[in-house]
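just to be clear, the model below is a prediction. Sequence and coordinates:
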Amino acid sequence: MAHACYVCSFYPVPDGEGVECPHCHRLQYGTKCPRCGQNAPTRVKDFRVFCTACGFERGALSGNGIAMPINMVGKPSQFGGIATRVLGTAGLAVTLLLVTFVTIAAVAYSSTILGALAVLLATFGSVAAFLLMRGGKKLQQQGERAQHDAREQAVAAAAKARGGAITAAEAAAVLEVHVAEADALLTAIAKEGARAHVEISNEGVVKYVFHDAAPVHVAPTTAAQPVTGVRVDTQTPVATSQSADPKQVAQQRVDREFEELKKTRAAKGD
């Protein structure tokens with residue numbers, strides 16, 4: 001099964017949580033809300049799941065068909081990334097400590113074997129620590145990206161449910177974050193210019209107005225058609241009245257093209 005992208009309307013995007021759109025590369029979260037009809041992520045409150053766009057209760061957290069709540073999107077990757085980076089840093093510290101002790105022992109006993117051991121410990125320990133810290137950073141970035149895309153999708157759906165516009169305070173309530181954090185997210189979306197722009201009301205209220213991106217569809221593939229030698233030129237003007245039958249006009253054009261083709265072949269002696 002597939003669906004249109006919740007952000008740019010590209011079709012098709014495979015169904016599933018966290019699937020990347022091939023066109024805008026946004027991650028997809030949430031399912032269609034039965035009340036507001038938005039493909040909005042959900043959020044958890046008191047072990048109940050609610051739509052971020054309209055607040056409709058979707059059911060219990062353990063219910064079937066409940067998508068990953070926005071409170072949890074990206075959190076496992078972020079925590080795992082932090083833990084991996086901490087482990088890598090601790091491994092580097094232990095490696096330096098061991099290398100120091102072995103080096104001191106090698107100098108004290110003038111041992112070539114201990115010196116070689118110190119070099120091996122420094123090499124393998126530093127490489128392992130580097131890989132752990134790099135992998136942890138990448139994992140943390142993946143979690144931050146997933147959280148950003150889910151929040152962007154949530155505020156866009158909430159804005160649409162409110163008539164197309166949303167304030168930073170309303171977005172903060174939807175995402176359950178500080179107003180400054182919600183305002184930074186909305187500002188980043190508005191700076192891109194493709195999805196939203198900023199408007200200031202007569203009362204001085206800053207609103208972020210979302211506008212749907214132009215749908216992007218994949219053109220269906222068709223089998224190559226055999227060339228028959230008769231071409232219908234739709235750009236050639238035909239002197240017909242407005243009441244002429246389109247089928248007759250097309251047939252006359254085909255007959256005329258066919259007669260020209262016969263004359264051309266006769267002239268060539270085919």
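Thanks, I have the structure now.

low-confidence ranges in the stretch 1-150 of the chain?
60-67 (pLDDT under 70).

what ranges do the helices span in it?
All helices of the stretch 1-150 of the chain, identified by DSSP state H, counting those that start in this stretch, fall at 75-109, 112-161.

buried deepest among the ones you listed, which one?
Comparing those by mean neighbour count (mean count of other CB atoms under 10 Å), helix 112-161 ranks first with a mean of 18. No exception for glycine: its C-beta is placed from N, CA and C like everyone else's.

show me what that one is packed against.
Here helix 112-161 touches strand 27-28, strand 39-40, helix 75-109, strand 165-166, helix 168-175, helix 179-192, strand 206-210, going by 3 or more CB pairs under 8 Å, 6 or more residues apart in numbering; DSSP states H and E.

export those to CSV and tack on distance to Val7?
Formatted as CSV, these follow (distance: least, CB to CB, whole Å):
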stretch, distance to Val7
strand 27-28, 8
strand 39-40, 10
helix 75-109, 20
strand 165-166, 16
helix 168-175, 16
helix 179-192, 10
strand 206-210, 11
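
the ones you listed: which one's closest to Val13?
The closest of the helices and strands packed on helix 112-161 to Val13 is strand 27-28. By CB to CB, the value is 6.2 Å.

name the helices or strands packed onto the closest one?
Using 3+ CB pairs under 8 Å, 6+ apart, strand 27-28 is in contact with strand 19-20, helix 112-161.

can you give me how far stretch 28-38 is from the chain middle?
With CA atoms, centre = their mean, to the nearest Å as the basis, stretch 28-38 stands 17 Å off its chain's centre.

list the buried ones in that stretch?
Using 16 or more other CB atoms under 10 Å as the test for burial, stretch 28-38 gives Gln28, Tyr29, Gly30, Thr31, Cys33, Cys36, Gln38.

now, which of those residues sits nearest Gln78?
Of the buried residues of stretch 28-38, the one sitting nearest to Gln78 (CB to CB) turns out to be Tyr29, at 15.5 Å.

touching, the closest one and Pro41? I think so.
Yes - Tyr29 is within contact range of Pro41, at 4.4 Å (criterion: CB atoms under 8 Å).

name the residues contacting each of these two.
Ala67, Met68, Ile70, Val73, Ala150, Gln153 (CB atoms under 8 Å, 6 or more residues apart in numbering).

now tabulate those in CSV and tack on distance to Lys137.
Listed next are the shared contacts of Tyr29 and Pro41 as CSV, based on distance: CB to CB, whole Å:
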residue, distance to Lys137
Ala67, 28
Met68, 23
Ile70, 23
Val73, 19
Ala150, 21
Gln153, 25
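
contacts only, for the residue lying closest to Gly80 once chain neighbours are set aside.
Spatial nearest neighbour of Gly80, excluding adjacent residues (CB to CB, 6 or more residues apart in numbering): Leu139 at 5.4 Å. Counting by CB under 8 Å, 6+ apart, Leu139 touches Ser77, Gln78, Gly80, Gly81, Thr84.

likewise Ala168?
Contacts of Ala168 (CB under 8 Å, 6+ apart): Val179, Ala182, Asp183, Leu186, Val206, Tyr208.

what about the fifth one, how many residues nearby?
Okay, so that is Val206. Residues lying near Val206 (other CB atoms under 10 Å) number 15.

excluding chain neighbours, what is closest to Val206?
Nearest residue to Val206 in three dimensions, chain neighbours excluded: Ile200, at 5.6 Å (CB to CB, 6+ apart).

gap between the one you found and Val49?
Look at Ile200 and Val49: by CB to CB, to the nearest Å, they are 35 Å apart.

again, but for Val179
In this view, Val179 and Val49 are 24 Å apart by CB to CB.

quick one, which of those two is more surrounded?
Higher neighbour count among Val179 and Val49: Val49, with 21 against 14, using other CB under 10 Å.

now for Met1, how many residues are close by?
Other residues near Met1 number 6, with proximity taken as other CB under 10 Å.

pretty sure it is touching Asp15, no?
Yes - contact criterion CB under 8 Å: Met1 and Asp15 qualify, at 4.6 Å.

now for the shared contacts of Tyr29 and Pro41, which pair is the farthest apart?
Pairwise distances among these were taken by CB to CB; the largest, 12.1 Å, belongs to Met68 and Gln153.
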